[in-house]
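1. build the 3D model from these lines:
(2 chains)
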Amino acid sequence: MSEITLAGLEKRYGDTLAVEDVSVTIDDGELLCLLGPSGSGKSTTLRMLAGLETPTDGEIRIGDEDVTDRPAYERTTATVFQDWALFPHKTVLENVAFGLKMQGIGKSERRKQAREMLERVRMGEYADDDPMNLSGGQKQRVALARSLAVNPDVLLLDEPLSNLDKRLSEDMQIELREIHAELEETFVHVTHDQDEAFTLADRIGIMADGNLVQVGEPNEVYENPKNRFIEGFLGDTNFVAGEVERTTTESIHVETELGREVDLPTTGDADALAEGESVALSLRPEVLSIESTDVAGSDGNAEGEQATPVRTDGSTTNAVVGTVENVLYRGSTIRYSVAVEDTSVFVERTVADSGAFDAGDEIRISWDGADVLAFRDDGSRVDL
Amino acid sequence: MSGTYSPSALPAPIARLWESLRERSRSKRALLLMAPLLVFELLLFVAPFLILLRISLTEGSQDLRYAPGTWSISGYGEVFSTDVLVNAITYSIMLGLLATAITVVIATFYAYAIWRSEGVVKSALLFSVVLPLLTTLVIKTYAFMPLLSPNGTLNDVLLSLNLISEPIQFVPGTVGVVVGQVYIVLPYAVLAIYSVLATMDWGIVEAARDLGASRPRSVLEVVVPQAMPGIIVATVISFAWSVGAYAAPGLLGDGQNKAQAFALVVEKRLLSNLQWEVATAYAVVMLLLMLVSIVLLTAALNYFGGEFEYA
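-> Purely as a prediction, here's the structure:
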């Protein structure tokens, strides 16, 4: 059993609070990604798990054992470090065999096991090389083999892919997934790269300012963010400021800087927001559809004053008209920056979509009110 | 000299000559850059040594320190005819090995401590290594007299704690000589090892601990092999200096130490006996022995994982 429990983990360096409160249970065999910006405390959390830092407060349990005060060398964890930390004066094979040597396994046996592990990460032919002569990707594989060779209960990965180029990093992500599936060990992977986290993770833990803000499956944290920070951190979105105009049992009307009212349909709890309260609405580019005003505007509605059409399924569609300010080609997608009243919104469309717009074009942006998330001033999400 | 023409456009022999000229001009520049160092070495090391060698090959003289212009190997004859040489070699090598072993062990721990400490502590540790270098050798060596003599501070402390019943004579004596010699060479050894450790990544020690190496084991497995070049330099400095030790045995040694330390054997014949041909013969023999032992020492250390290059 190698279920991991972190309870109220805290780490201070003098007056600096690196980790304030991290509490989570990581299931046996799970791959948990700790995702967060630099300085959010994710690496410190991982180092506490490894035993390389002692928590100021809180408890770490691996399996049934309290390992909080146990040093790194007495824990059944193994870490893959960001800069790989290979031993420079040892050969690749000796590096991989090191952990086994520390376990007191005989020379021929540990060399045999290390060689097998090197084969597994496809580095067999480099066994006798100096690790310092390897490329980044190769060092990465050796570091992985070295950590896996001790057959740890928990493998900790501290941004191991951040020093690799994009393509290599993506290949390694897939390989890591395969190795994880094969070994059925618990992995905790720290990264600041959300693509990496979404690719790898069974569950993602989002960290901000030393706190574990939300833990959930990738689609859950993306679609149901707990607060404004997560909504802004994961993917790209437009935050539009507004003020609650009036609330009814079916919807909340928000006066926004888009120059018109935006309707948020609610499923009952109309008291979620008070009238006059200010809110931030998140309009993700993928929920925004765009079309030329030549087509859409033909129904005669004046700009910014379109009535909210109610669809047959009862959901409401909101729309605004704006002017394309900027066109940004991003390979497979094109991003348009659109001026709408006093603010600007960006929208995206895939290259394959027909009809491109140029700067100066007027376009109509519409969305389904149910796809809009709203956040209070303190960052908490409004439960609609 | 224009860069436009290529050697292949020239007849082969001329191209070859051109190439070799270019080659030579490059090495000439290197020679020029090294000139100050070469002149320094020639004037202050090679020339005096040649004079010393010449004196060692003269006859002795009743009136003068040696008989200039004569040729003789009587100096070497005297060196090899008494057991002074064997005693001096034994004593000096023993002192060298003992002082070196103690110095390198302490220096390794000390350098590790500097490396691992931070802020004020690190500055304090570094400063206290450099501080003795600012004091002259004689004064800092003499400082051990009041500290270690029979009525000195250490004996007072040991007596008052009832750990000993009567004073121990550390100085003058062999203990004092070893302590004094270690104190003289320690700063150089610490700095040599620390300079290597300072470039080392703490991450690999963490990696070793993470893979199950205990604290002492991780130092032994990862830090020591990495620090080996520094440890070798420290060893060579300590050994060479201690074998030829002059101040420590001269100031802190008893009669026996003074009669056996190589440098003091030479000094006695140079200044008291006025037998320069004998004194210089001792010096030449000592120098050769030093060279041989340092070559052997570095070879042995290289065998244990160092990467010390002579060049």
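2. any idea which helix or strand comes after the helix or strand hosting B:Thr103?
-> Per DSSP states H and E, B:Thr103 falls inside helix B:84-116. Proceeding N to C from helix B:84-116, the next assigned helix or strand is helix B:119-130, under DSSP H and E.
3. can you list the neighbours in contact with the longest helix along chain A?
-> Identified as the longest helix of chain A according to DSSP state H is helix A:166-183. With C-beta atoms under 8 Å, 6 or more residues apart in numbering or on different chains as the test, helix A:166-183 has contacts from A:31, A:120-121, A:136-137, A:140, A:144, A:148, A:157, A:160-162, A:164, A:187, A:189, A:193, A:196, A:199-200. (C-beta placed from N, C-alpha, C; glycine too.)
4. one step back: can you mark which positions in the helix holding B:Thr103 are buried?
-> For helix B:84-116, the neighbour count (16 or more other C-beta atoms under 10 Å in any protein chain shown) marks B:84-85, B:87-89, B:91-93, B:95-100, B:102-104, B:107-108, B:110-112, B:114-115 as buried.
5. circling back to that earlier point, buried ones among the contacts of helix A:166-183?
-> Here, 16+ other C-beta under 10 Å leaves A:31, A:120-121, A:137, A:140, A:144, A:148, A:157, A:160-161, A:164, A:187, A:189, A:193, A:196, A:199-200 buried among those.
6. inside strands: which ones of the residues you listed?
-> A:31, A:157, A:187, A:189 (DSSP state E).
7. of these, closest to chain B?
-> The nearest member of these to chain B, counting by C-beta to the nearest C-beta, is A:Leu157 at 12.2 Å.
8. I'd guessed that closest one sits against A:Val190; true?
-> Yes - contact criterion C-beta atoms under 8 Å: A:Leu157 and A:Val190 qualify, at 6.6 Å.
9. give me phi/psi at the residue in the stretch 251-384 of chain A that chain B sits nearest to?
-> Closest approach between the stretch 251-384 of chain A and chain B, counting by C-beta to the nearest C-beta: A:Gly379, at 35.6 Å. The phi and psi values for A:Gly379, taken as degrees, to the nearest 10, are phi 100, psi -20.
10. and the pLDDT at it?
-> Per-residue pLDDT puts A:Gly379 at 85.
11. contacting residues around it?
-> A:227-229.
12. from those residues, pick the one nearest chain B.
-> Using C-beta to the nearest C-beta, these come closest to chain B at A:Phe229, 30.5 Å.
13. give the burial count for that closest one, as a bare number.
-> 20 (other C-beta atoms under 10 Å in any protein chain shown).
14. just the pLDDT for it.
-> Reported pLDDT for A:Phe229: 92.
15. please apply the same query to A:Met117.
-> So A:Met117 comes in at 92 (pLDDT).
16. that one and A:Met123: what is the separation?
-> Note on A:Met117: its distance to A:Met123, by C-beta to C-beta, to the nearest Å, is 9 Å.
17. which residues are in contact with both of the two?
-> Joint contacts of A:Met117 and A:Met123 (C-beta under 8 Å, 6+ apart) are A:Ala145.
18. got the buried residues for stretch A:349-356?
-> A:Arg349.
19. which residue packs closest to the spatially most central residue of chain B, ignoring adjacent ones?
-> Central residue of chain B (C-alpha atoms, centre = their mean): B:Ile237, 2.8 Å from the mean position. Among residues not flanking B:Ile237 along the chain, B:Tyr188 sits closest, at 5.1 Å (C-beta to C-beta, 6 or more residues apart in numbering or on different chains).
20. quick one: average confidence on the helix or strand hosting the one you found?
-> Assigned by DSSP H and E, B:Tyr188 belongs to helix B:174-197. Summarised as a single mean, pLDDT over helix B:174-197 is 94.
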